[in-house]
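Novice: can you look at this prediction? I've put the sequence above it.
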Amino acid sequence: MDLAWVDYANLFNSKGGVGRSDEWWSSGVNTTVAAKWSRSGFAVEGYKECKQIGIKRPEILEILKTIFRYDGIVAYCPKEVIDISNGIDNQLFSEDDLRTFIYYLDQYRENKKEREFLIDYFDPKESDRLLSDVSKLHNGASIDQIFEEAVSAFKRNEAKQRKAQEDAQRTFQNRIKNAIGSEGVSLCGGIDTKRWPEFGYYLNPYAPVGKCYLTTIRYFMNGVQWLSREKLLVIQPLPPGLGYQQPILFKGSEPIRVGVEATVYGEEPETYESALGAVVNPTTYRVLGYLPLPIEEFNRR
């Protein structure tokens with residue numbers, strides 16, 4: 001029976017539908033179906049996409065809203081809804097198992113000091129993990145056992161990542177050591193990996209004297225002057241309001257390489273006279289060694 005829009009809207013609302021009933025009306029979807037899907041948080045587009053895939057459980061989205069954040073009405077069929085709906089259909093677990101798991105997850109998160117280790121459960125991209133652990137609950141594992149295993153796995157992974165970071169740091173330090181040699185290490189007082197964010201922002205040319213930094217030598221538009229193969233004068237644009245540009249002089253024992261990461265050492269400004277006759281004290285850096293970047297590999301091809 002054809003319904004006028006007003007009648008459809010009244011039926012839609014009486015069945016608990018939320019959102020824009022006019023969009024559901026124009027889609028031709030039965031009011032009972034429309035109300036059920038809209039009540040769970042779906043827009044018409046999300047319903048159609050889920051229906052096309054074969055998903056018949058809109059209430060899964062409503063359950064998952066407890067742990068996953070969805071912005072407004074969902075106009076697509078989320079992967080986690082698909083995965084969990086399929087898990088229920090394939091009898092890996094039940095809807096009650098899912099509700100129970102999420103209930104205890106909230107309780108555990110509130111009451112246990114290890115709650116930060118369970119954060120992955122609240123990421124929709126980790127729905128495979130949620131699927132796996134709800135299945136464990138279905139098969140008889142206790143909530144405490146599941147969460148304790150999750151915490152242990154998180155800590156193992158955290159330790160693994162920390163070791164990988166430490167190994168990467170050691171590798172990087174070795175690259176610097178190989179680049180600057182023992183003389184450079186001695187000059188820098190060790191292997192320093194601190195970076196100088198933007199050379200030009202440091203307006204005191206004497207501040208870096210005696211200090212080592214990592215940087216990528218680059219120049220901007222026409223603000224560069226090659227004094228020789230081994231000397232490059234850069235005038236880097238500064239933010240508005242600073243009044244002038246701080247010149248930077250890079251020098252080395254080999255030709256200056258632009259676009260390559262380098263370890264540099266601050267030296268006393270190498271004074272020169274500008275075209276207007278003014279004495280200029282540029283921030284002066286001696287290049288101790290280069291750490292080739294992938295861009296070099298690209299340029300060789």
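Specialist: Received it, and whenever you're ready, just let me know what you need.
Novice: residue 108 is in what secondary structure piece?
Specialist: Under the assignment given by DSSP states H and E, the secondary-structure element containing residue 108 is helix 95-111.
Novice: which residues touch residue 36?
Specialist: Shown here is residue 36, whose contacts under the criterion C-beta atoms under 8 Å, 6 or more residues apart in numbering are 15, 16, 58, 59. Backbone N, C-alpha and C define where each C-beta goes, glycine included.
Novice: what's the lowest-pLDDT member of these?
Specialist: Taken together, these show their lowest pLDDT at residue 16, with 80.
Novice: mind listing the helices for the stretch 201-301 of the chain?
Specialist: 294-300 (DSSP state H, counting those that start in this stretch).
Novice: hey, C-alpha coordinates of stretch 265-278 in PDB?
Specialist: Once side chains and other backbone atoms are set aside, the C-alpha atoms of stretch 265-278 remain, and they are given as PDB (Å, rounded to 0.1, in the frame of the first residue of the first chain):
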ATOM      1  CA  TYR A 265      79.500  21.800  13.900                       C
ATOM      2  CA  GLY A 266      78.900  25.400  14.900                       C
ATOM      3  CA  GLU A 267      81.900  27.700  14.500                       C
ATOM      4  CA  GLU A 268      82.700  31.400  15.100                       C
ATOM      5  CA  PRO A 269      80.900  33.500  12.500                       C
ATOM      6  CA  GLU A 270      83.000  33.900   9.300                       C
ATOM      7  CA  THR A 271      82.500  37.600   8.900                       C
ATOM      8  CA  TYR A 272      82.100  39.200   5.500                       C
ATOM      9  CA  GLU A 273      81.000  42.500   4.000                       C
ATOM     10  CA  SER A 274      77.700  42.900   2.200                       C
ATOM     11  CA  ALA A 275      77.200  44.700  -1.100                       C
ATOM     12  CA  LEU A 276      76.100  47.700   0.900                       C
ATOM     13  CA  GLY A 277      79.300  47.700   3.000                       C
ATOM     14  CA  ALA A 278      77.700  46.400   6.200                       C
END
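Novice: buried residues in that stretch, which are they?
Specialist: Taking 16 or more other C-beta atoms under 10 Å as the neighbour-count basis, stretch 265-278 is seen to contain the buried residues 265, 266, 269, 270.
Novice: closest to residue 30 among these?
Specialist: Here the nearest of the buried residues of stretch 265-278 to residue 30, counting by C-beta to C-beta, is residue 266; it sits at 75.0 Å.
Novice: and for the closest one, nearest residue in space, chain neighbours not counted?
Specialist: Excluding the flanking residues, the one nearest residue 266 by C-beta to C-beta, 6 or more residues apart in numbering is residue 208, at 3.1 Å.
Novice: what does the one you found show for phi and psi?
Specialist: Its backbone dihedrals place residue 208 at phi -80, psi 0, with angles given as degrees, to the nearest 10.
Novice: where in the stretch 51-200 of the chain is pLDDT low?
Specialist: Per-residue confidence for the stretch 51-200 of the chain (pLDDT under 70) gives these ranges: 71, 111-117, 119-120, 192-194, 196-200.
Novice: not counting sequence-adjacent ones, nearest residue to residue 108?
Specialist: In space, not counting the residues next to it along the chain, residue 108 is nearest to residue 147; the distance is 5.3 Å by C-beta to C-beta, 6+ apart.
Novice: surely the one you found and residue 121 touch.
Specialist: No: taking contacts as C-beta atoms under 8 Å, residue 147 lies outside contact range of residue 121: 9.3 Å.
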